[in-house]
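> kindly return the folded structure for what I paste below:
(chains A and B)
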Amino acid sequence: MSTLIELKDVCKAYDGQNVVDHVNLNIEKGEFVTLLGPSGCGKTTTLRMIAGFEKPTDGEILLDGKSVLDIPPHLRPVNTVFQRYALFPHLNVFDNIAFGLKLKKKELCREVKGFWARQKAIKALISEKVKKALKIVGLTDYEYRNVTSLSGGQQQRVAIARAIVNEPQVLLLDEPLGALDLKMRQEMQLELKNMHRRLGITFVYVTHDQEEALTMSDRIVVMKNGIIHQVGTPIDIYNEPSNAFVADFIGESNIINGIMLEDKLVRFAGAEFVCVDSGFEKNQTIDVVIRPEDIYLMDEEKGQIKGVVISSLFKGVHYEMSVIANKVEFLIHSTTEWKAGEKVSLYIRPDDIHIMKKEKNSNVINAKVLNETEIEFADGIFNYDKKTFENGGFSENDYLKEEVKISIDFDKIDLTDYEDSAPIAGNIVSSIFKGDKYQYVVKSDNGFDFFVDTEDEYDSNDRVGITIKPEDIKLERIISSK
Amino acid sequence: MKKITIKRKYLAFPYAIFMLLFVLLPLALIVFYAFTNADGSISLENFINFFTDGVTFNSFLDSIWIAFITTVICFVIGFPVAYILANKKYNRNKTLFLLFLLPMWINFLLRTIATRAMFEAFGSWLDIEITFGKATTIFGMVYNFLPFMIIPIYSTLSSLDKSYTEAALDLGATPTKVITRVILPLAIPGIISGITMVFMPTLSTFVISDLLGNNLVQLLGNIINLEFTQNSWNYGSALSIILLLLMGLTMFIEKKYNNKTQTAGGRIW
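Okay, the predicted model is just below:
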């Protein structure tokens, strides 16, 4: 296999904000690559840059080793299947599919002599290709139907046929199944996968549906906030997520705070576990990820930690149970049922414990010291404790009225429902449950993101006030001295 | 006691009475006058006159010709303008669109008189003689009716999904081909509306040709005006009916076309 598409340090900024942030990605010839991520993660923008509808603000896109940045979309050897199909309503199914071929008439049937003979040959060729494409998508005999009279699934098939009939090197698919119902979607997933196998075209697929990505892709690219978090095969991504976000986004998982005691020994949920990871610092705080189907429930005395079942739901193939052990809540999938209230114990195999480095533990933010008790950051005024600053080795003469960098640990930020009493307020934009506590991202009204670890439960978009105890504001360093 | 209820259909009565008195009755009178001669007896004299009297028939053909030219010019100018206005890149907060509508807020008669004055002013300024005739009439008509071409095309184009353009580009269409193969066909409902909105009033107007044509341009509207002011109601009525039928025909064609192409964009008139 050889590399077909190369994204080198690609950035795309709108109003100064990077929606795609230094993306590096190689896509092999014939591969089925899925860009996966929540909405607004930059996956569609990346796709549109490959198609040529958007120009990167920075970086390079290579196709077959050559830069395509100066090639307009109509000259790129790629075709797109759009999210809402974008079938031309003034043309019937046949003419929609033949649209691209008719535009390339000049290149067709060059060998045929005579104007009329050639026209006839072109017409026959186009008709043959369209019929073939219709057969591939399973819509034989739909040529002369009006596209507006077709169902969503049929329109989607026409859109795919319209793209593949041009035999592009790359087929770009922008959430093509988003508008279909579940059953139709699953059917189309398999068909797309088959089509990919038969046609041998490189597929670049964009979706927010992790199941879709796992089912179809050769490789998955997990994105968030314009950044690639992990690239790997579906199995890699599922079994070895590189961080808490990927683990949470791909399938269900238990994400628990832990401490790496030494190589291959980790402590979480009040107990020590043998694991297979090494290479961490001693006592480094880490995230532990365990898939719900990798935790075994057994009689109270047999397992590693004791707990109580607090809920049990039948989900068809398995039971979904929630167990509290040492104050940490575990989500467990099992085919044998344990009833709510039963005392159990948990067993986890060493190679099912995935250790991930924490991205960071504290919020670091620029601030301005106003006077001996007040400090301003994120457009709010907070009280700070001189002693904390001075314990950090700074003297009053240095930091007073200066720009400084401060850090606040995730678990030292207090959220309150009463936003009026807090210096700043914001909305919860994301939340990850980590066994015994939640990790939230709070976007303040002035656009600052705060990571917050707390046991309190909030929903996305909840309004919260942010308060911080004076002694929890730590001074990192002094930025400028005027 | 019986409860008095206002049925929904009663609400239509005021308008129905208005229609009866000011639309149907005059129409009936016109039909009556058209099919009677000066003595009051029923005859087809007026219609026979129309086809045999060379002057009227020529001005009838002239009217159609001038309306046609005006419509073509309006389309040639109006479509690109509407296309640019519908592009959000150039028309951020619709100010540009408003600028094109602004002339319509000035009284039609005033505008036409001003056009004449402008021609005269330019003539004396550049020291050339401007002859008022067909050309100036057509100029005045284009100037007056251009917004009626732009507005319907503009609203059709701005409701078009941008993904059609992208899909066409994606399939290998050059920007010119995108316009001819996708934008133009999808704008047909708007174009048809625009054409009828320009063609019909230019066919019947007489003020513009009066003011900017110096009696050299005798359109059907001018003749009808003349016949009625000279108390020749019968002939004037017959001509009005012919004009009415012509407009009915244009409307009919528009409707037929719009029904066929109603799939996208939608129609607004």
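> okay, A:Q304 and A:Y347: tell me how far apart.
Counting by C-beta to C-beta, to the nearest Å, the gap between A:Q304 and A:Y347 amounts to 6 Å. (Glycine included, C-beta is placed from N, CA and C.)
> ok, now A:I332?
Distance of A:I332 to A:Y347, given as C-beta to C-beta: 11 Å.
> shared neighbours, those two?
A:295, A:297 (C-beta atoms under 8 Å, 6 or more residues apart in numbering or on different chains).
> higher neighbour count, these two?
Ranked by neighbour count (other C-beta atoms under 10 Å in any protein chain shown), A:I332 and A:Y347 place A:I332 first, with 25 against 15.
> hang on, that one in a strand?
Yes. Checked against DSSP: H, G, I helix; E, B strand; the rest coil, A:I332 lies within a strand.
> and the pLDDT for it?
pLDDT, A:I332: 93.
> near chain A, which residues of the stretch 151-269 of chain B are found?
B:161, B:163-164, B:166-175, B:177, B:181-182, B:185-186, B:188, B:261, B:263-264 (C-beta under 8 Å from any C-beta of the partner chain).
> what's the ChimeraX line that selects buried ones from those residues?
To isolate the buried members of those in ChimeraX, using 16 or more other C-beta atoms under 10 Å in any protein chain shown:
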select /B:163,164,166,167,168,169,170,171,172,173,177,181,182,185,186,188,261,263,264
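> helices of the chain, residue ranges please.
As the question left the chain open, I've gone with chain A. In chain A, the helices defined using DSSP state H lie at A:43-51, A:93-103, A:115-136, A:152-164, A:182-199, A:210-216, A:234-239, A:244-249, A:386-391, A:396-399.
> my question was about chain B, not that one.
Going by DSSP H, chain B shows helices at B:13-19, B:25-34, B:45-52, B:54-86, B:95-101, B:108-126, B:134-158, B:162-170, B:175-178, B:184-186, B:188-204, B:207-213, B:220-229, B:233-260.
> now mean pLDDT too, for the ones you listed, in JSON lines please.
Listed next are the helices of chain B as JSON lines, based on pLDDT from 0 to 100:
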{"stretch": "helix B:13-19", "mean pLDDT": "91"}
{"stretch": "helix B:25-34", "mean pLDDT": "91"}
{"stretch": "helix B:45-52", "mean pLDDT": "84"}
{"stretch": "helix B:54-86", "mean pLDDT": "91"}
{"stretch": "helix B:95-101", "mean pLDDT": "82"}
{"stretch": "helix B:108-126", "mean pLDDT": "89"}
{"stretch": "helix B:134-158", "mean pLDDT": "91"}
{"stretch": "helix B:162-170", "mean pLDDT": "92"}
{"stretch": "helix B:175-178", "mean pLDDT": "92"}
{"stretch": "helix B:184-186", "mean pLDDT": "93"}
{"stretch": "helix B:188-204", "mean pLDDT": "89"}
{"stretch": "helix B:207-213", "mean pLDDT": "87"}
{"stretch": "helix B:220-229", "mean pLDDT": "87"}
{"stretch": "helix B:233-260", "mean pLDDT": "83"}
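> make a markdown table out of those and add distance to A:A269.
Formatted as a markdown table, those follow (distance: least, C-beta to C-beta, whole Å):
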| stretch | distance to A:A269 |
| --- | --- |
| helix B:13-19 | 78 |
| helix B:25-34 | 90 |
| helix B:45-52 | 100 |
| helix B:54-86 | 61 |
| helix B:95-101 | 63 |
| helix B:108-126 | 83 |
| helix B:134-158 | 59 |
| helix B:162-170 | 50 |
| helix B:175-178 | 60 |
| helix B:184-186 | 61 |
| helix B:188-204 | 66 |
| helix B:207-213 | 88 |
| helix B:220-229 | 92 |
| helix B:233-260 | 70 |
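> all strands for the stretch 251-400 of chain A, in order.
For the stretch 251-400 of chain A, the strands defined by DSSP state E, counting those that start in this stretch occupy A:254-262, A:265-268, A:271-274, A:284-290, A:295-298, A:305-314, A:319-325, A:328-334, A:343-348, A:354-357, A:362-369, A:374-377, A:380-383.
> and the ones you listed, which is most packed in?
strand A:284-290 (a mean of 22; mean count of other C-beta atoms under 10 Å in any protein chain shown).
> what comes into contact with it?
A:241, A:243-244, A:247, A:253-260, A:266, A:268, A:280, A:330, A:348, A:352-358, A:361, A:434.
> now swap in stretch B:55-63 and tell me
With C-beta under 8 Å, 6+ apart as the criterion, stretch B:55-63 contacts B:49-51, B:203, B:217-223, B:239, B:242.
> which among those residues gets closest to A:K120?
Of all those, A:K120 sits closest to B:L203, with 45.0 Å by C-beta to C-beta.
> quick one: A:S217 and chain B, what's the gap?
Going from A:S217 to chain B by C-beta to the nearest C-beta, to the nearest Å gives 22 Å.
> please report phi then psi for that residue.
phi -80, psi 150 (degrees, to the nearest 10).
> who's the closest residue to it other than its chain neighbours bridged to?
Counting by C-beta to C-beta, 6 or more residues apart in numbering or on different chains, A:S217 lies nearest to A:T34, which is 4.0 Å off, once chain neighbours are set aside. Taking DSSP bridges as the rule, A:T34 bridges to A:Y205, A:I220.
> what is the neighbour count of A:T34?
27.
> buried ones in stretch B:70-85, by neighbour count?
Within stretch B:70-85, judged by 16+ other C-beta under 10 Å, the buried ones are B:70-71, B:73-75, B:78-79, B:81-83, B:85.
> got the CA positions of that stretch in CSV?
Extracted C-alpha coordinates of stretch B:70-85, given in CSV (Å, rounded to 0.1, in the frame of the first residue of the first chain):
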residue,chain,number,x,y,z
THR,B,70,-37.6,45.2,-22.2
THR,B,71,-38.1,41.8,-20.6
VAL,B,72,-34.9,40.5,-22.3
ILE,B,73,-32.9,43.5,-21.2
CYS,B,74,-34.3,43.2,-17.7
PHE,B,75,-33.3,39.5,-17.5
VAL,B,76,-29.8,40.1,-18.9
ILE,B,77,-29.2,42.8,-16.3
GLY,B,78,-31.3,41.4,-13.5
PHE,B,79,-30.1,37.8,-13.3
PRO,B,80,-26.5,38.6,-12.6
VAL,B,81,-27.5,41.2,-10.1
ALA,B,82,-29.9,38.8,-8.4
TYR,B,83,-27.1,36.2,-8.4
ILE,B,84,-24.6,38.5,-6.8
LEU,B,85,-27.2,39.8,-4.3
